[in-house]
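1. Need a 3D model of the following:
(2 chains)
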There are 2 protein chains.
Amino acid sequence: MRYEARLSGSGGQGLILIGIILAEAVGIYDGKNVVQTQSYGPEARGGASKSEVIISDETIYYPKATHLDLLLCMNQKSCDEYYLDLKKDGILIVDSSLVHQVPTNKAYQIPFTRLAKEELGKAFVANIIAIGAIAEISKIVKESSLTEAVLKRVPPWSADLNKKALKIGMEEGKKAEAFIPSKG
Amino acid sequence: MRYEARLSGSGGQGLILIGIILAEAVGIYDGKNVVQTQSYGPEARGGASKSEVIISDETIYYPKATHLDLLLCMNQKSCDEYYLDLKKDGILIVDSSLVHQVPTNKAYQIPFTRLAKEELGKAFVANIIAIGAIAEISKIVKESSLTEAVLKRVPPWSADLNKKALKIGMEEGKKAEAFIPSKG
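-> Okay, the predicted model is just below:
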């Protein structure tokens, strides 16, 4: 088993943080082998950000994601750029408040940023809503492990806010599944 | 040019954060290609933490560190475990408040944790002192880029504290060089 996830969008959307949270949840609490990576180079200067998590039952010798099982896109540019790296049966999840041209009718479209603002009054928890949805949709991480990992990495004053964000993400993930054609 | 750095110690010492800061300083502000990684697996359950940064002028095809140019050890266990991965002329930097058995007389020994507590009253900035020392000793990152990257990643209230921590690290890095035998 090897599972490759890429979390992409703009710098400042907290994609590195949720990459680390997902990796710690699966690696430390679920006990799998995980490598979490971010790359910087010419493309980082435009404010693009991507964070990758590779999960395996075995030692990970090649820690680059090349055939994605899951792709999260928090802006249009990342969706345009990375969609072709997704496997044929891979999962595409987009922030539908920011991504308006979606390349497939099988995408999970959830307005993470709008939900964060409207439901919680804080746009910056859009990333935590997204990781909650990813857990629900992909089943790659136990919900209890994810909650523990989130609480370990966010400031103590924001614990409640983040727990609510996770819950919204999980619920929205469940709802979005109903709209995926192949799951009919 | 390829440069491999590993930042190691216990979970909670902020090694992932300084890995990200170093990577952003070199990748975004200095414009080099950088891959920053952390791995989790059986060893992470003991609370061990390591963060790797690979820097290159070219595209990085193999993002694992195997022949370290620089190794930071913030506890004894990481020093025992990773010293053998250091190149013959690689740089070893240890937190001498926590690492008492040093495997070579060419190590840079700086009491990061003690300095953080005594000079700044906050043990948690030991990691920022360490990254300041790394910049001074290794010259792999411009000091202005590192300062920018630190300020981008720490909470605004702690900006002054972190700037002081960086400065202490740079000064201590300079002092420690005088004790390296080969540099006479």
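
2. Is A:Ala107 in contact with A:Ile93, as I believe?
-> Yes. Between A:Ala107 and A:Ile93 there is a contact at 7.1 Å, judged by CB atoms under 8 Å. Quick note: C-beta positions are derived from backbone N, CA and C, even for glycine.

3. Please identify which of those two sits among more neighbours.
-> Shown here are A:Ala107 and A:Ile93; by other CB atoms under 10 Å in any protein chain shown, A:Ile93 has more neighbours (25 against 22).

4. can you give me the helices in chain A?
-> A:15-24, A:76-82, A:112-120, A:126-138, A:143-153, A:159-177 (DSSP state H).

5. List, one by one, the residues from chain A near chain B.
-> Residues of chain A lying near chain B by CB under 8 Å from any CB of the partner chain: A:16, A:20, A:23-24, A:26-28, A:31-42, A:44-45, A:59-60, A:63-64, A:155.

6. Apply 6 Å and report the result again.
-> Contact residues (CB under 6 Å from any CB of the partner chain) of chain A with chain B: A:23, A:27-28, A:33-41, A:44, A:63.

7. In these, find the pair that's most separated.
-> A:Ile28 and A:Gly41 (28.9 Å; CB to CB).

8. Skipping its backbone neighbours, what lies nearest A:Ser39 in space?
-> Residue nearest to A:Ser39 in three dimensions, not counting chain neighbours: B:Val35, with 4.9 Å by CB to CB, 6 or more residues apart in numbering or on different chains.

9. let me fix that: A:Ile55
-> In space, and not counting its chain neighbours, A:Ile55 is closest to A:Tyr3: 4.3 Å by CB to CB, 6+ apart.

10. ok, the one you found - contacts?
-> Shown in contact with A:Tyr3 (CB atoms under 6 Å, 6 or more residues apart in numbering or on different chains): A:Ile55, A:Asp69, A:Ile140.

11. would you turn the residues you listed into a markdown table with pLDDT and neighbour count?
-> Below are those laid out as a markdown table (pLDDT from 0 to 100; neighbours: other CB atoms under 10 Å in any protein chain shown):
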| residue | pLDDT | neighbour count |
| --- | --- | --- |
| A:Ile55 | 97 | 24 |
| A:Asp69 | 98 | 19 |
| A:Ile140 | 97 | 20 |
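
12. And the contacts of stretch A:9-22?
-> Residues outside stretch A:9-22 that contact it (CB under 6 Å, 6+ apart) are A:7, A:36, A:38, A:47, A:49, A:51, A:53, A:74-75, A:78, A:127, A:131, A:149-150, A:153.

13. from those residues, which has minimum pLDDT?
-> Among the contacts of stretch A:9-22, A:Gly47 carries the weakest pLDDT, at 76.

14. how many neighbours does that residue have?
-> A:Gly47 has 14 neighbours, counted by other CB under 10 Å.

15. Distance of it relative to A:Lys175?
-> According to CB to CB, to the nearest Å, A:Gly47 stands 31 Å off from A:Lys175.

16. In strands, which of the residues of chain A next to chain B appear?
-> The strands, defined by DSSP state E, take in A:Asn33, A:Val34, A:Val35, A:Gln36, A:Thr37, A:Gln38, A:Ser39, A:Tyr40 from the residues of chain A next to chain B.

17. if I read this right, the third one contacts A:Pro63, doesn't it?
-> Yes. In this structure A:Val35 lies within contact range of A:Pro63 using CB atoms under 6 Å: 4.1 Å.

18. Next, show the common contact partners of the two.
-> In terms of CB under 6 Å, 6+ apart, A:Val35 and A:Pro63 are both contacted by the residues A:Ile54.

19. okay, these two: which has more neighbours?
-> Each of A:Val35 and A:Pro63 has its neighbours counted (other CB under 10 Å); A:Val35 has more, 26 against 20.

20. what pairs with that one across the strands?
-> For A:Val35, the beta-bridge partners are A:Ile54, B:Ser39 (DSSP bridges).

21. Pretty sure A:Leu166 sits against A:Gly132.
-> Yes. Under the criterion of CB under 6 Å, A:Leu166 makes contact with A:Gly132 at 4.1 Å.

22. which one of these two has more residues nearby?
-> Comparing A:Leu166 with A:Gly132 by neighbour count (other CB under 10 Å), the higher total belongs to A:Gly132, at 30 against 23.

23. so how far is B:Gly11 from that one?
-> From A:Gly132 over to B:Gly11 the distance is 24 Å, taken as CB to CB.

24. ditto for A:Ser97
-> For A:Ser97 relative to B:Gly11 (CB to CB), the value is 35 Å.

25. Repeat that for A:Thr66.
-> 29 Å.

26. coming back round to it: would you mind giving the contacts of A:Tyr3 as a markdown table with distance to B:Leu115 added?
-> Formatted as a markdown table, these follow (distance: CB to CB, whole Å):
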| residue | distance to B:Leu115 |
| --- | --- |
| A:Ile55 | 38 |
| A:Asp69 | 45 |
| A:Ile140 | 41 |
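
27. between the ones in strands among the residues of chain A next to chain B, which is nearest chain B?
-> Checking these against chain B with CB to the nearest CB, the nearest one is A:Tyr40 at 2.4 Å.
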